[in-house]
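Trainee: Starting from these lines, generate the structure:
(one chain, ligands or ions: 2)
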Amino acid sequence: MTTSIEETLVLVKPDGVARNLTGRILARIEAKGYQIVDLRMVQADRALLAQHYAEHEGKPFYEPLVEFMESGPVVAARVAGHRVIEGFRSLAGTTDPTTAAPGTIRGDLGRDWGLKVQQNLVHGSDSPESAARELALWFD
Ligand code: RTP
Ligand code: MG
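Mentor: Ligands and ions are numbered 1, 2, ... in the order given. You can find the predicted model right below:
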């Protein structure tokens with residue numbers, strides 16, 4: 001029998017770290033059955049964030065997003081499992097934490113704070129191509 005194990009990049013964003021939710025967020029990933037195979041705390045600089053968020057350059061939320069992401073340390077995790085890319089996106093919930101479904105990380109632990117950008121606790125890669133690109137940025 002063969003199984004295809006995928007990997008994804010999960011970030012606990014600065015709001016999650018500052019609110020001491022890192023452990024709870026990682027515990028939910030483990031409880032779902034995924035494996036954390038690498039983990040580091042990073043103070044991201046602009047160069048890294050510009051590469052990470054290249055697809056959003058020019059959008060109205062880009063500048064506030066980069067400022068938010070460099071406002072404090074993030075925790076980067078390499079997470080592995082069958083279909084983990086879509087599985088973690090489902091676990092995270094939709095982008096806006098106010099309306100993200102209860103039961104998801106964003107729906108249970110996040111909300112709108114009235115700031116310029118959605119502070120929504122976590123990032124997860126959205127495709128195999130994004131995952132490979134982002135894991136290389138944050139871990140290699
Ligand atoms: P992520 O990349 O962080 O996993 O989140 P996502 O796919 O759900 O959202 P995406 O569209 O990729 O946007 C990246 C991050 O930018 C912030 N954002 N704010 N209108 C807004 O205020 C707005 N739109 C996007 C969020 O932090 C979002 O996660
Ligand atoms: Mg995204």
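
Trainee: pLDDT below threshold where in the chain?
Mentor: Applying pLDDT under 70 to the chain flags the ranges 1-2.

Trainee: can you do 80?
Mentor: Low-confidence segments of the chain (pLDDT under 80): 1-3.

Trainee: Around ligand 1, pick out the residues from it.
Mentor: Residues of the chain lying close to ligand 1 (C-beta under 6 Å from any ligand atom) are F61, L65, T95, V117, Q118, N120, H123, G124, D126. Quick note: C-beta positions are derived from backbone N, CA and C, even for glycine.

Trainee: So which of those residues are in strands?
Mentor: H123, G124 (DSSP state E).

Trainee: Would you format the residues of the chain next to ligand 1 as CSV with neighbour count and distance to V37 included?
Mentor: Converted to CSV, these look like this (neighbours: other C-beta atoms under 10 Å; distance: C-beta to C-beta, whole Å):
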residue, neighbour count, distance to V37
F61, 13, 31
L65, 19, 27
T95, 10, 26
V117, 16, 30
Q118, 21, 28
N120, 23, 24
H123, 21, 17
G124, 24, 15
D126, 15, 20
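
Trainee: Leaving out sequence neighbours, find the closest residue to the residue sitting nearest the centre point of the chain.
Mentor: Geometric centre of the chain, nearest residue: H123, 1.7 Å, by C-alpha atoms, centre = their mean. Once flanking residues are discounted, H123 sits nearest to L11: 4.0 Å by C-beta to C-beta, 6 or more residues apart in numbering.
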